[in-house]
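A.B. asks: quick one, fold the following:
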Amino acid sequence: MKILVVDDKQSLSELVSQFLGQSYNVSTKEDGLAALAWMQEGNIPDLIITDLEMPNMDGFGLIQKVKESGYFSNIPIIVLSCRDSSSDRIECLRLGADDYLVKPFNPEELLIRVEKLLIRA
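C.D. replies: Purely as a prediction, here's the structure:
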């Protein structure tokens, strides 16, 4: 199973990669544009974990592009953000995100949420 982690903060990407990498094949990209380019090269993740605040293309843009694309629209998306407002959560869910976790987060909780989404997918 392949997981794509999209976050401009390398320390967070590495933390998530180390934790999920024990069970999954994890790739990281620094923003939405890099993530989309990587996917368009034929790399299809089973799940995407994305931050919201990133340069070039933010998480909202990434969710929208993935869900609008016929080819990628079934890939589950978890948002991992320090933004804790219910309007951000609602916007992400409306755009098609499957789950929303606020930083700082418990890696074990993230793993359980990942497993649940992958079982459903």
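
A.B. asks: for this protein, what spans make up the strands?
C.D. replies: Using DSSP state E, the strands assigned to the chain run over residues 2-6, 25-29, 47-50, 77-81, 99-102.

A.B. asks: the residue most central in space within the chain bridge partners, please.
C.D. replies: Among the residues of the chain, the one closest to the centroid is Ile49, at 1.7 Å (CA atoms, centre = their mean). Ile49 has these beta-bridge partners by DSSP bridges: Val5, Ile78.

A.B. asks: adjust the sequence numbering to begin at 48 for everything that follows.
C.D. replies: Okay, using 48 as the starting number, the last item reads as Ile96.

A.B. asks: residues in contact with it?
C.D. replies: Listed by CB atoms under 8 Å, 6 or more residues apart in numbering, the contact set of Ile96 reads 50-54, 63, 124-127, 157, 161. C-betas here are computed from N, CA, C, even on glycine.

A.B. asks: the same query, at a cut-off of 10 Å, please.
C.D. replies: Going by CB atoms under 10 Å, 6 or more residues apart in numbering, Ile96 touches 50-54, 59-60, 63-64, 67, 73, 75, 106, 123-127, 146, 148, 157, 160-161, 164.

A.B. asks: now swap in Leu99 and tell me
C.D. replies: With the criterion set at CB under 10 Å, 6+ apart, Leu99 makes contact with 54, 79, 105-110, 126-130, 135, 138-139, 144, 147.

A.B. asks: check Ile137 too.
C.D. replies: Residues counted as contacts of Ile137 (CB under 10 Å, 6+ apart) are Tyr147.
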